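Peer 1: model the structure of this input:
(chains A and B, ligands or ions: 1)
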Amino acid sequence: MKITRKEFGLAVLLGLGAMFLTRMFGKFRGTKSSRPHEAARHWRRGGQLAG
Amino acid sequence: MSADNIRCELCFRFCSIPPGGRGNCRVRYNLNGELVSLVYGKPCAVHIDPIEKKPMFHFLPGTRAFSIATAGCNGHCQFCQNWEISQREPEETDNIDMPPAAVVENAIKSGCRSVAYTYTDPSIFYEYTYDSAVIARKKGIKNVLVTAGFLNEKPLRELARYADAANLDLKGNAEFYNKVVLAELKPVLDYLRIAREEGIFIELTNLIVPTLNDKKEDLEWLIKTILDSAGPDVPLHFSRFFPMYKLTNLYPTPAETLMDAAHMAEDMGINYVYVGNLPAGEFENTRCPKCKETVITRRGYMTPEIKLVDGKCPKCGEKIPGVWR
Ligand code: SF4
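Peer 2: This next block holds a predicted model:
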């Protein structure tokens, strides 16, 4: 099967859209065990800090 | 000390700070003759962590702790696992505005039972910790200090009125403190004594760093010191080191070293011994020292089973020390 450029572009857009929606509204934002508080979401090291 | 210098009396360093200068911790500043905190209400790390990550195993198990830290530290462990924030000026970290009232409000909103002052030493953001702790207490949220224990007696006794528990690092002997932590042992032992006198529930952590504090005699000294100063019932966590900061030349602590240390502590009489940063089987669980029943089962930071009844072993009724509700 040959994928056209249009189909490929659409698939990428759909993928990005899904990622965006999960991040914004999904149940699994961050990890369950340790997640940054949303006020500090820009802090990306997550639960890597010790303590 | 010159007349214009200010002496900070928060921790054992008693820095004499010249006008426009900062203390050893990088966050306390002499502003025209007034000592100010550069990090009040400006945490650089805000996380919702399981309380088990602190690690606190005898304190509201299975609950979450609203965990905050600011930049800077008064310790300079060459192995610091959080050096990207602890060995930094507040200008170098990504900080957000979160005054004490917002800390407590956010803790409540996110379903946390406690606020943990952690990641860097809370003594350097003392005023922020204190004010948050006062509000938290009023709202029924508990306060946990995760600390290297460098705070001086007077501020510690004042803070103790609002602190419910602390995880205190006992990193090694005096030589280790001088050479590797670039600090002193005595303030830490004083902290342990004072915190216990004030009724703060204490758990201890020792990070075992290969070649530096992992020898049999180092561990024997550590365990004896704990038994002498806090007795057999203080929970003790041996934690695994990963190569960080200035000690990237070392290897992670071998599992065997940690397990041997845990067995040694048990054999020498410590009742609650744990191994952290490593799947450690029986040393992740809390067992009743009397009948050996597993009363809390843990897998990593999760607590699939808590069998305690009113803080007592369900099988033999032995009281397990801790803050259980
Ligand atoms: S808290 Fe900071 S400024 Fe104050 S004595 Fe300790 S290191 Fe120095």
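Peer 1: might you report the residue contacts of the residue in chain A that the ligand sits nearest to?
Peer 2: The ligand sits closest to A:G51 of chain A, with a gap of 18.4 Å, by C-beta to the nearest ligand atom. In this view, the C-beta of every residue, glycine as well, is placed from N, C-alpha and C. If you count contacts by C-beta atoms under 8 Å, 6 or more residues apart in numbering or on different chains, A:G51 has them with B:K53, B:K54, B:S67, B:Q81, B:N82, B:A116, B:T118, B:Y119, B:V146, B:N167.
Peer 1: over to B:F176?
Peer 2: B:L185, B:L212, B:N213, B:D218 are the contacts of B:F176 under C-beta under 8 Å, 6+ apart.
Peer 1: can you list those in CSV and add secondary structure and neighbour count?
Peer 2: Output for the contacts of B:F176, formatted as CSV (DSSP: H, G, I helix; E, B strand; the rest coil; neighbours: other C-beta atoms under 10 Å in any protein chain shown):
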residue, secondary structure, neighbour count
B:L185, coil, 19
B:L212, coil, 20
B:N213, coil, 21
B:D218, helix, 19
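Peer 1: JSON lines for the residues you listed, including pLDDT and distance to B:N206?
Peer 2: Below are these laid out as JSON lines (pLDDT from 0 to 100; distance: C-beta to C-beta, whole Å):
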{"residue": "B:L185", "pLDDT": "97", "distance to B:N206": "13"}
{"residue": "B:L212", "pLDDT": "97", "distance to B:N206": "12"}
{"residue": "B:N213", "pLDDT": "97", "distance to B:N206": "8"}
{"residue": "B:D218", "pLDDT": "97", "distance to B:N206": "9"}
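Peer 1: that older thread, narrow the contacts of A:G51 to those in strands?
Peer 2: Among those, the members falling in strands (DSSP state E) are B:S67, B:A116, B:V146, B:N167.
Peer 1: chain A: which of those is nearest?
Peer 2: B:V146 (4.7 Å; C-beta to the nearest C-beta).
Peer 1: the closest one bridge partners, please.
Peer 2: B:N167 (DSSP bridges).
Peer 1: burial count for it?
Peer 2: 27 (other C-beta atoms under 10 Å in any protein chain shown).
Peer 1: quick check: the residue of the stretch 151-300 of chain B found nearest chain A vs B:K53, distance?
Peer 2: The nearest approach of the stretch 151-300 of chain B to chain A comes at B:G300, 7.1 Å away (C-beta to the nearest C-beta). The spacing between B:G300 and B:K53, counted by C-beta to C-beta, to the nearest Å, is 9 Å.
Peer 1: between those two, which one's more packed in?
Peer 2: Between B:G300 and B:K53, counted using other C-beta under 10 Å, the more crowded position is B:K53 (23 against 13).
Peer 1: so the more buried one touches B:Y301, yeah?
Peer 2: Yes: counting by C-beta atoms under 8 Å, B:K53 does reach B:Y301; the two are 5.4 Å apart.
Peer 1: sorry, back to before: look up how far B:D218 lies from the residue of the stretch 151-300 of chain B closest to chain A.
Peer 2: Taken as C-beta to C-beta, the span from B:G300 to B:D218 is 27 Å.
Peer 1: next one: A:E7
Peer 2: Separation of A:E7 from B:D218 (C-beta to C-beta): 64 Å.
Peer 1: repeat that for B:V104.
Peer 2: With C-beta to C-beta as the criterion, B:V104 and B:D218 are 40 Å apart.
Peer 1: with B:N82 instead?
Peer 2: 23 Å.
Peer 1: let me see the contact set for B:L38.
Peer 2: If you count contacts by C-beta under 8 Å, 6+ apart, B:L38 has them with B:R22, B:V27, B:R28, B:Y29, B:P90.
Peer 1: give me the element the closest residue to B:M259 other than its chain neighbours is part of.
Peer 2: Excluding its sequence neighbours, the residue lying closest to B:M259 (C-beta to C-beta, 6 or more residues apart in numbering or on different chains) is B:V275, at 6.6 Å. Assessed by DSSP states H and E, B:V275 sits inside strand B:273-276.
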